[in-house]
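J.: model this:
(chains A and B)
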Amino acid sequence: MSEFERNRHIKYIANSLLRNLPKQYSNADTSRLTLVYFCVVSLDVLGCLPDHRHRRGGTDDGGRGGGRMTTTCCGLVEEEMLIPRDVIVEWIYGLAAFPSSGGGGICGFRGGTYLGPIVGTPPSSSSSSDDDDDDDDVVRPMTRRSDDGRHPYDHAHLAMTYVALCTLLTLGDDLSRVDKYGMMRTLRLLQRDDGSFSSVLSMSNGRLRRTSPSGRGTRRGRRRRDGDGDEDDDDDDDDSDLRFVYTAAAIRYILLHCRDDGSSSFKSEDDENATIDIDVDSAVSYVLSCRSYDGGLGLSPGGEGHGGSTFCGIASLRLLGVLDDVMDAECGWREELVRWCATRQRGGMQGRPNKPEDTCYSYWIGGTLNLLSMSHLLDGCALREYVLSCQTPYGGFGKVMGVMPDLLHSFYSIAWLSLSNVGGCCDCRHRADADDCKGYDEDGRREDILDRSIGRLSELDCALGMCMKRVRRPAIG
Amino acid sequence: MLHDGPEPVCSIAYSPEFTQAYDYLRALLKVDERSERAFNLTSLCLQLNPANYTVWHFRRRCLISLSSVSGQTPTIDAERIRKDLEFADKLGGTNPKNYQLWYHRRALLEFQFEVEDDVLHVAKKELEYVDRILEDDSKNYHAWSHRQWIMKALNNPELWSSEVEYAHSKVLSDPRNNSAWNQRWFALHEGKVPSDYAVDRHSAISLEKAHEEASYALNGADVDPFNESPWRYLVGILMEQWRLAKRGGDLGDMAKATALIRENIGKIREMKKSWDEQPPTDDHPPGPSASLLSALVDLLEVFTDDKESLTEAKALLEELMLEDPIRRKYWLKREKGISKLLVSTWQEGGDAESSA
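T.: Down below sits the predicted model:
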C-alpha cells in the first residue's frame, strides 16, 4: 500500500492557498471562497493550524500589516508557508454582505472578488487605517455602500455563506462580527414552499419571476412568502435543490451553536414571543421527496440516486437534528440506504451504479455511512488503498489514479482519510501486506506506519465538513 | 484588475483577456447598463467562465430589457430566446456539465412557454436537444434532470408515454445506463414520488403495470445478470406494490402483492440456477452475480414470518460473503440479522451465537 504523503499534501495545499492557482481554476472565479475552504480545512485536518497562536515579530512587508497576528505551522512546513490566519479572516470578512438589519437585505457572503474589490473590513468591524491608505486608488467596495444603494447584482450566495462560516471558525474566528440574526432571517427568505432553498436572492429593480403556462404547473416550489420583506424587488433566478438544503441546514446549525448570548434560538425582532427559524418540517419533506426507488437520494425529486446528493440529504437531516427520528419513521429506508451506499464500493467508491470510481465519493458515501454509524461495513482497507493510490507526485489527490491534483478531490480524499479513523472502518490488521507496513514507534514498539500517519489526522465533523475541535458544542435545546 | 487587498488567498492566474473582459463587465454591472454592448460583453465573459451565475443572470436581464415587447410581466422576444438557446448550446459543447448553462436553458424556456402558442412543440424541440447531449454522454446528470424538468413543466400525457419509450431506447443501447432505468421509473410514475401517492394511491402504478414492469426488468437482468440496474428496478417495483398493499391493509391486496413477489422470486431462482450451470465465458465471469443474489435476498426478507424464506435468504447471504468479498462485513451483518430473527422466532435455524 502507498505511503500517506502528508508533507507533500501540506505543501501543495499551502501553495494553492497562498500563491497563484493556475488559470484552469478560472471557472471557480465566483466560488473562490470554496477553494479557500478546501485549503484551510485540509490544513486543519493535516494538523497545520495549531490552536496556539503567537505574534510574529518584525514583518517583512514594509510594516504594512505591522503587528498582525500570525501563526506557525506544526514543524513540517518551511517558514515561507506560514499560514497568516488573521489575514485570511479579514479577506473573508471583506466578502461579507451584511446589510443593516431591517428592510429586505440579504445577509451572507459572496464567493470572491469578481464583482469588485475588497477594501478594508465590513461596516460592523473596526477598519484599519493602514488599509485605507494603501488602497486609495481602488474603487469603493460594494460592502461600503449603504443598504438602499446596493448594486443590484452584488449579492451573497448560500453555499458561499456556508463555506465562509466553516472557514472562519476553522481559523479561530468566533463569528462575533457576523450578523447572525440577519443571516437566520435570510435563510427563511430563501426557503421555498416545497422546503428547498434558493441559493441567491439579488436585489433587482424588476422582477424576473415568471408565471407558469396556465394549468401546466411548471415552476418548482416558489419561495416562501410570509410578508417578511421586499419580495417584490428581488428574484431568485437560480437552481434550488438538495445542495442548498444542505448548506442552509449547516448555516442554521452553526448560527444556533454560536449565539452570542448562548441561547438556542433567534427571537423575532417584531414579536418577542416568536422565534425566527426555517421551516424544518418542509425541509425534511423535501429531502424525503428526493428518495429514489433504489434507496439513494437524487438531487431533486425524481432524480437518480447519487452520492453527492445522498450525502447532502442525510447530512441535512443530521444537522436539523432529526436523522434518527426520520430513519425510525420511514420504515425500511435505513436498510435500503445502507445497502445502496455499501454497494457503491468497487475498491474506491462510485457515485452511482455502473459508474467509475472517484475519490470524492469516498467522503460523500463513506460520510453518509459514517452519519448512519455504519462506515465499518465498508472495506476500509481497500478504500484507503484506492484513495492513497490517487495521491500525485505534486502532492494533493486527483479524481482518479494518474491525473493532476485538484483542491476539491484533495479535500474530500483527506476528509475521508480522517473519517476512516473512526467507527472501526479501517481495521487493516488482517490485510495481506500488513507485515510490510510495520515500523517502530518512539518506544520501540512495532506498529503500522500508515495507520499512525493517518491516525494523526484531526477528527472531522462529518456532517458539517470541518474539524470537530472547531465546533463549539453548548447544550442546544 | 482585481483588487484583493495586499494578501489575497487562492488567487487565480487569470489570462489577460479574462481580466480585461471582467473589468469592463464590472463597470457595466455597477451602472446596470442593460444595452446591446453589455449583452455582447456577457457572451465573451461566459466563454471565459461559463460558471459565473451573476453574468448569466445579468444576461437574462439584458435580454428582457432589449426585447421589443414590454409590459407588466417581463418577457423576451421569441427570436432572441432562440438565438440564446443556440449560444448556450455552442458554449456547452457536446458535453455540457455545469449547472448554470442548464439553468439558463430552463429560464429561457420558461419565457418561451409564455410567448409561444405551441408549447408542446417547444418542449419536443428541447427534448431533441437533450437527446443530442445524451448521445455523447448517456449518463449526464444535468441532461437527465433537464429532461425531467421539461416533463414536469408540461405534464402532458403524450410526453409521459413517449418518455417511457425514450428511456427504453436508452436502456437498449446501454443496459447498464442506470440514468435510463431511473428515467423509466420517473416517466411511468409521471414524476410522482412516494409522498405523493401516500395521498393518492392512483399516482403510483397499478398492480397490472407492476407485473409488466417486473417482466421488463427481469428481461433486462437476463441479458446481463451482473448489471445492478435492472435488479434494483425490479426490487423497487415489487416493494412499491408491497408497501401500498400493506398501508392499505386490505387482505385481498396483500395476497395479490404477495403473489407478485413470490412469482418473481421463483423466476429469479430459475435464472440463478441456469447461470450457475453455465460454464464461465468472457462475458460471464465465474461465480454468481452479487446483484442477483442481493435482489433475491431483499425479496425473500419481505416474508419475516416465513421460516423457509428466511433460511434461504440466510444461505444466500453466506454465498454473498464468499462471492462479494469487498462487502463481506456488510453481508455478515445482514446474515446475523436474519439468524437472530430465525432464532428468536423459531428458537432454531441460526448459528447467531457462534458467528456473533
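
J.: Need the pLDDT of the residue lying closest to B:K192 once chain neighbours are set aside.
T.: Of all residues not flanking B:K192 in the chain, B:S203 sits nearest, at 4.1 Å (CB to CB, 6 or more residues apart in numbering or on different chains). Using the backbone N, CA and C atoms, a C-beta is placed for each residue, glycine as well. In this model, B:S203 is scored at 71, pLDDT.

J.: can you pull the contacts of B:S203?
T.: Contacts for B:S203 (CB atoms under 8 Å, 6 or more residues apart in numbering or on different chains) come out as B:H189, B:E190, B:K192, B:D196, B:Y197.

J.: what's near enough to touch the residue nearest the centre of chain A?
T.: By CA atoms, centre = their mean, chain A has its centre lying nearest to A:V163, at 4.3 Å. The neighbours of A:V163, taking CB under 8 Å, 6+ apart as the test, are A:L33, A:T34, A:V36, A:Y37, A:F109.

J.: 10 Å - rerun?
T.: A:31-38, A:40-41, A:92, A:109, A:111, A:157, A:247, A:250, A:465-466 (CB atoms under 10 Å, 6 or more residues apart in numbering or on different chains).

J.: Not counting its neighbours along the chain, what's nearest whatever residue of the stretch 101-250 of chain B ends up closest to chain A?
T.: Closest to chain A within the stretch 101-250 of chain B is B:G236: 3.1 Å, counting by CB to the nearest CB. Among residues not flanking B:G236 along the chain, A:Y293 sits closest, at 3.1 Å (CB to CB, 6+ apart).

J.: Please tell me I have it right and that neighbour contacts B:N178.
T.: No - if you go by CB atoms under 10 Å, A:Y293 and B:N178 don't touch, sitting 11.2 Å apart.

J.: Can you get me a residue count around B:E308?
T.: As a burial measure, B:E308 scores 10 neighbours (other CB atoms under 10 Å in any protein chain shown).

J.: Run through the contacts of A:V163 and flag the ones next to chain B.
T.: With CB under 10 Å from any CB of the partner chain as the criterion, the contacts of A:V163 include A:S31, A:R32, A:L33, A:T34, A:L35, A:V36, A:Y37, A:F38, A:V40, A:I92, A:G111, A:H157 near chain B.

J.: For the fifth one, grab phi and psi.
T.: Note on A:L35: backbone dihedrals following degrees, to the nearest 10 are phi -60, psi -40.

J.: How about the contacts made by the residue nearest to it when sequence neighbours are not counted?
T.: Closest residue in space to A:L35, ignoring its immediate chain neighbours: B:C10 at 4.2 Å, by CB to CB, 6+ apart. Applying CB under 10 Å, 6+ apart to B:C10 gives the contacts A:16-21, A:25, A:28, A:32-40, A:88, A:91, A:112, A:407, B:4.

J.: Please list only the buried members of those residues.
T.: Those of the contacts of B:C10 that meet the buried threshold are A:16-18, A:21, A:25, A:28, A:32-40, A:88, A:91, A:112, A:407, B:4, by 16 or more other CB atoms under 10 Å in any protein chain shown.

J.: Give me the subset of those lying in helices.
T.: Counted as lying in helices by DSSP state H, out of these, are A:16-18, A:32-40, A:88, A:91, A:407.

J.: Report the lowest-confidence entry in those.
T.: pLDDT across these is lowest for A:L18, at 89.

J.: Identify the residues contacting that one.
T.: Contact partners of A:L18, counting by CB under 10 Å, 6+ apart, are A:39, A:80-84, A:87-88, B:7-11.

J.: is it possible to export these to TSV including distance to B:L108 and secondary structure?
T.: Below are the contacts of A:L18 laid out as TSV (distance: CB to CB, whole Å; DSSP: H, G, I helix; E, B strand; the rest coil):
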residue	distance to B:L108	secondary structure
A:C39	36	helix
A:E80	49	helix
A:M81	47	helix
A:L82	49	coil
A:I83	44	coil
A:P84	45	coil
A:V87	42	helix
A:I88	39	helix
B:E7	41	coil
B:P8	35	coil
B:V9	36	coil
B:C10	33	coil
B:S11	34	coil
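
J.: Which pLDDT value goes with residue 235?
T.: In the absence of a named chain, this looks at chain A. Predicted confidence (pLDDT) for A:D235: 58.

J.: was after chain B, sorry
T.: Per-residue pLDDT puts B:V235 at 98.

J.: Then A:C437?
T.: 50.

J.: Which helix or strand contains B:E135?
T.: Using DSSP states H and E, B:E135 sits in helix B:119-136.

J.: what is the rounded mean pLDDT of the helix or strand following that helix?
T.: Counting by DSSP H and E, the next helix or strand C-terminal to helix B:119-136 is helix B:141-154. Helix B:141-154 shows a mean pLDDT of 97.

J.: tell me what helix B:141-154 is packed against?
T.: Helices and strands touching helix B:141-154, by 3 or more CB pairs under 10 Å, 6 or more residues apart in numbering or on different chains; DSSP states H and E, are helix B:99-115, helix B:119-136, helix B:157-173, helix B:178-188.
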